[in-house]
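# prediction below, plus the sequence it came from.
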Amino acid sequence: MNSLEMENEIRALLSRADIGRLEGLLVDSADWGVNIRMTLNDQFVEVDLIKNWDGFEMILLDEQNRNSVQIDEIQDILQVLSLHY
């Protein structure tokens, strides 16, 4: 899956997900991975998603904090977002 396909899949997944009040979704692919920005339940959320050998590294960027989570599939984004926001 190339980065444009991944971008479209993430956009569709988040648009139809029931994870809370989602506003201002921006999904942007780059040569290193995909950057996701949105407002979820009145909180600004920024996520970098980088493909690796084990699946994906999901980096949650929150002001000065940076948390990294390893996920197996793109659909696992929903579970991580539900737990953190």
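The structure has been received and is ready for your questions.

# what about Val50, which helix or strand?
Actually, residue 50 is Ile. It isn't Val. Secondary structure from DSSP states H and E places Ile50 in strand 43-52.

# and that strand, which strands flank it?
Pairing partners of strand 43-52, with direction, according to DSSP bridges: strand 33-40 (antiparallel), strand 55-62 (antiparallel).

# how far off centre is that strand?
In terms of Cα atoms, centre = their mean, to the nearest Å, the centre of strand 43-52 is found 4 Å from the chain centre.

# send me that strand as CSV with only the CA atoms.
Coordinates of the C-alpha atoms in strand 43-52 are reproduced here as CSV (Å, rounded to 0.1, in the frame of the first residue of the first chain):
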residue,chain,number,x,y,z
GLN,A,43,-9.1,18.2,22.1
PHE,A,44,-6.6,18.9,19.3
VAL,A,45,-5.0,15.6,18.2
GLU,A,46,-1.9,15.2,16.1
VAL,A,47,-0.7,11.7,15.1
ASP,A,48,2.2,10.6,12.9
LEU,A,49,1.9,7.2,11.5
ILE,A,50,5.0,5.5,10.2
LYS,A,51,5.1,2.0,8.5
ASN,A,52,7.6,-0.4,9.9
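
# buried residues in it, which are they?
Val45, Val47, Asp48, Leu49 (16 or more other Cβ atoms under 10 Å). No exception for glycine: its C-beta is placed from N, CA and C like everyone else's.

# farthest pair within the residues you listed?
Maximum pairwise distance among the buried residues of strand 43-52 (Cβ to Cβ): 12.4 Å, between Val45 and Leu49.

# understood, closing this out.
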